[in-house]
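1. below are the sequence and a predicted model for it; my questions follow.
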Amino acid sequence: MQDPVRLVWSLTQSGLGTTLTASGSSGAWNSGSVPGGEPVQNQRTPVDLRWADDFWLSVCVQTVTGSSPSLQAQLNLFDDQGNLLTYLTGTTPFLAPAALTGEGAAVAFGGRHGGGSSGSYFVAPEWGQVAWKITGTTPVFAGTEIALYAR
């Protein structure tokens, strides 16, 4: 039997709001720990990837304003010391949907079983981060949902 798909992190459930005007992330590494040495968790700190092999990152936007707006989301990874790893090789993110410059949606998938291209195969460590970069002049991305699913 296949493991069920589960929502690992969601912008709407994070408390960060769904109108984005600046770059941000699900949170930085938290050096505090609980018994067993695991990072302290809350809804905005490292994303728990311990029980998953494959990932699906989606970005949906309802309204976009501003001049030359762009929203790029990606999955970053933390090593066991909290070092942020943003790229698989060179400048290729581990997991990044196409940038959105207007209303719409984009998805990317990958992990241990890949996602259709050789660059989408990776084994994730225990903790990750969902991050987004916004560029343009006075960009506003309203009604935004960024979600990371895993199996």
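-> Everything's here; your move.

2. got the residue ranges for the helices in this structure?
-> Applying DSSP state H to the chain gives helices spanning 11-14.

3. lowest average confidence, helix or strand, in it?
-> strand 87-89 (a mean of 71; mean pLDDT, DSSP states H and E).

4. quickly list what the most centrally placed residue in the chain is bridged to.
-> If you average the C-alpha coordinates of the chain and look for the closest C-alpha using Cα atoms, centre = their mean, you land on residue 130, 2.5 Å from that point. With DSSP bridges applied, residue 130 shows beta-bridge pairing to residue 75.

5. quick check: chain neighbours aside, which residue is closest to residue 21?
-> residue 140 (5.4 Å; Cβ to Cβ, 6 or more residues apart in numbering). Glycine gets a C-beta too; all of them are placed from N, C-alpha and C.

6. so where is this protein shaky, pLDDT-wise?
-> Under the criterion pLDDT under 70, the flagged ranges of the chain are 1, 31-45, 88-90, 115-119.

7. where along it do the strands fall?
-> Counting by DSSP state E, the chain has strands at residues 6-10, 24-25, 47-48, 54-61, 63-78, 84-85, 87-89, 92-93, 104-111, 127-142, 145-150.

8. now residue 25: how far from residue 121?
-> Applying Cβ to Cβ, to the nearest Å, the value for residue 25 to residue 121 is 24 Å.

9. more neighbours: those two, which one.
-> The residue with more neighbours, out of residue 25 and residue 121 and counting by other Cβ atoms under 10 Å, is residue 25; that gives 18 against 13.

10. right, and that one touches residue 128 too?
-> No: between residue 25 and residue 128 no contact is recorded; they are 10.3 Å apart, counting by Cβ atoms under 8 Å.

11. anything in contact with each of these two?
-> Listed as contacting both residue 25 and residue 128 by Cβ atoms under 8 Å, 6 or more residues apart in numbering are residue 76.

12. ok, back up a step: present the strands of the chain as a markdown table; the columns should include distance to residue 18.
-> Output for the strands of the chain, formatted as a markdown table (distance: least, Cβ to Cβ, whole Å):
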| stretch | distance to residue 18 |
| --- | --- |
| strand 6-10 | 10 |
| strand 24-25 | 12 |
| strand 47-48 | 18 |
| strand 54-61 | 9 |
| strand 63-78 | 10 |
| strand 84-85 | 25 |
| strand 87-89 | 28 |
| strand 92-93 | 23 |
| strand 104-111 | 14 |
| strand 127-142 | 7 |
| strand 145-150 | 7 |
